[in-house]
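**Student:** here's my sequence, what's the structure:
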Amino acid sequence: MQTFVVRMLVVAAIVLPVYVLLRVLWKRKRGKTMNSGKSGAAREVVLAIFVLFMAGLLALVLWPAYYEVPSVAERLPTGLQINLVPLRNIKRFFKIFGTEAFWGNIVGNWLIFAPMGF
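**Tutor:** All right, here's what the predicted structure looks like:
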């Protein structure tokens with residue numbers, strides 16, 4: 001968990017200044033200030049938090065903290081960790097870890113992607 005937090009902070013330190021710079025330039029190009037119209041300060045803060053959330057999700061997906069991911073070149077010839085059967089991993093997870101961990105995983109995945117629906 002600690003390694004993920006460090007990775008997330010590094011990604012956030014890179015993403016946030018880039019986002020703020022691009023957002024300010026975009027607003028200037030359109031002739032608006034950061035506090036005008038529908039784009040009030042509260043909306044800008046919420047957008048920045050969403051961008052940080054997405055950066056954290058990207059860090060989690062690209063660099064999982066719980067195991068070493070083999071390269072694509074290593075996985076393709078053997079078919080290792082390539083799943084083309086729907087729900088196979090969910091069934092395997094249920095059998096190995098039981099119902100409590102299974103529902104924790106399902107609800108956790110739902111919570112991770114819930115902000116995308118708003």
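**Student:** may I see the buried residues of stretch 48-65?
**Tutor:** Applying a neighbour-count criterion of 16 or more other CB atoms under 10 Å, the buried positions in stretch 48-65 are 51-52, 55-57, 59. For every residue, glycine as well, the C-beta is placed using N, CA and C.
**Student:** check stretch 11-30 too.
**Tutor:** Neighbour-count burial for stretch 11-30 flags 11-12, 15, 19, 23, 27 (criterion: 16+ other CB under 10 Å).
**Student:** can you list those in TSV and add distance to residue 42 and pLDDT?
**Tutor:** Formatted as TSV, those follow (distance: CB to CB, whole Å; pLDDT from 0 to 100):
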residue	distance to residue 42	pLDDT
11	24	84
12	20	86
15	20	90
19	17	91
23	14	88
27	15	83
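**Student:** ok so, going back, between the buried residues of stretch 48-65, which sits nearest residue 7?
**Tutor:** residue 59 (4.9 Å; CB to CB).
**Student:** where's that closest one, which helix or strand?
**Tutor:** Secondary structure assigned from DSSP states H and E places residue 59 in helix 41-62.
**Student:** distance of the residue at the greatest distance from the centre of the chain from residue 40?
**Tutor:** In terms of distance from the mean C-alpha position of the chain, residue 31 ranks first, at 31.7 Å (CA atoms, centre = their mean). Residue 31 is 17 Å from residue 40, where distance means CB to CB, to the nearest Å.
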